[in-house]
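>>> Kindly return the folded structure for what I paste below:
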Amino acid sequence: MIELERPDSLVERVVASLRREIDSGRLPAGSRLPTEFQLAEQLNVSRSVVREAVAQLKADGVLVSRRGSGSFISGTPGGTVFRLPGRNDGGQGLAQLFEMRLWIEIQAARIAAQRRSAADLARMAEALKVMDEHRADFDRSGGADVEFHKAIAAACKNDYFVAFHDFLGGQLAHTRRTAWENSASLKGGSSPAQNEHRALYEAIAAGDADAAANCAENHLRTSAKRLGIELAPLPH
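Numbering: from 1, shown residues only. Next comes the predicted model:
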């Protein structure tokens, strides 16, 4: 019998449970997945929940369909899609996401300062201009915020990092819009965040890797604080 832990939703519980079975080798690559009815019975959930979980695993490349035969564990059972865990924990997931950004974006700023081109700097400057000119348009300013950080990632000249950063940016798009909305109600509005962006841009433009890293850390910490999140000190 497959046992369930307690993630956030029934679908996520089924997905997590099936992934554990696959990771353990009890459902090896190429083996046939139990039927929808069997899984619903074993996991004590509805068939619609099983159906949705199986659809997610297929989208992630964990399962493949064979017409007339059912679903099978793919040859890449770890999947081909990166997906952030679903969280419903009163903000702890968002805090961990900010902590991950802190680790990543400090180094990205450092590398961008060493590798940026004139085109990269122009892209960053254009994003700053849009944020300046459209502070009250939260969709526009939030999108420009994403574009600014994407430009820094692009300046690192690493296609794998750019692809991962694009994925992460998509996960954070709503958070960045919320941050701009929150800033509008604070003293000084969005000016503090914009000052942080501009300091980061100037450090990268100057080619000062240490200053860029420090500016990135300050921006991430204060951005988190504006959302009520206090990030732990980095280990030395």
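>>> who touches the one helix or strand residue 51 maps to?
In this structure, residue 51 sits in helix 47-59 according to DSSP states H and E. With CB atoms under 8 Å, 6 or more residues apart in numbering as the test, helix 47-59 has contacts from 10-11, 14-15, 18-19, 33, 36-37, 39-40, 43, 63-65, 71, 79, 81. C-beta: built from backbone N, CA, C; applies to glycine.
>>> And for stretch 103-114?
120, 149, 152-153, 155-156, 158, 161, 165, 168, 200, 203-204, 206-213, 215-217, 220, 234.
>>> Weed out the non-buried ones from the residues you listed.
120, 149, 152-153, 155-156, 161, 165, 168, 200, 203-204, 208-209, 211-213, 215-217, 220 (16 or more other CB atoms under 10 Å).
>>> Narrow those to those in helices?
Of the buried ones among the contacts of stretch 103-114, the ones assigned to helices by DSSP state H are 120, 149, 152-153, 155, 161, 165, 168, 200, 203-204, 209, 211-213, 215-217, 220.
>>> Check the model's average confidence along stretch 51-67 for me.
Across stretch 51-67, pLDDT averages out at 89.
>>> Quick one: end-to-end distance for that stretch.
Distance between the two ends of stretch 51-67: 16 Å, counting by CA to CA, to the nearest Å.
>>> Repeat that for stretch 78-94.
25 Å.
>>> got it, and stretch 26-43?
First residue to last in stretch 26-43 (CA to CA) measures 16 Å.
>>> buried residues in that stretch?
By neighbour count on 16+ other CB under 10 Å, the buried set for stretch 26-43 is 27, 33, 34, 36, 39, 40, 43.
>>> What's the mean pLDDT across it?
In this model, stretch 26-43 has a mean pLDDT of 91.
>>> mind starting the numbering at 29 from now?
Will do, 29 is the new start, and the previous item becomes stretch 54-71.
>>> who touches that stretch?
29-30, 32, 41-42, 45-46, 49-50, 74-75, 77-79, 82, 91, 97-105.
>>> rerun that using 6 Å as the cut-off
The contact list for stretch 54-71, computed with CB atoms under 6 Å, 6 or more residues apart in numbering, reads 29, 30, 42, 49, 75, 78, 98, 99, 100, 101, 103, 105.
>>> so the fourth one, which of the three states?
Pointing back at residue 49 there. Put simply, residue 49 is helix when judged by DSSP: H, G, I helix; E, B strand; the rest coil.
>>> Tell me the spacing between the residue nearest to it when sequence neighbours are not counted and residue 88.
In this structure, residue 49 finds its nearest non-sequential neighbour in residue 55, 4.5 Å apart by CB to CB, 6 or more residues apart in numbering. Noted for residue 55: a distance of 15 Å to residue 88, by CB to CB, to the nearest Å.
>>> Same check on residue 264?
38 Å.
>>> Just want to know which of those two has more residues nearby.
residue 88 (18 against 3; other CB atoms under 10 Å).
>>> which residues in this protein form helices?
Using DSSP H, helices in the chain cover 38-52, 64-71, 75-87, 120-143, 146-161, 166-183, 187-212, 219-233, 237-254.
>>> Return the most buried member of those helices.
Of those, the one with the most neighbours on average (mean count of other CB atoms under 10 Å) is helix 166-183, at a mean of 21.
>>> Which secondary structure elements does it sit against?
Using 3 or more CB pairs under 6 Å, 6 or more residues apart in numbering; DSSP states H and E, the elements in contact with helix 166-183 are helix 120-143, helix 146-161, helix 187-212.
>>> Poorly predicted segments of the protein, please.
Along the chain, the model assigns pLDDT under 70 to residues 29-36, 107-119, 197-218.
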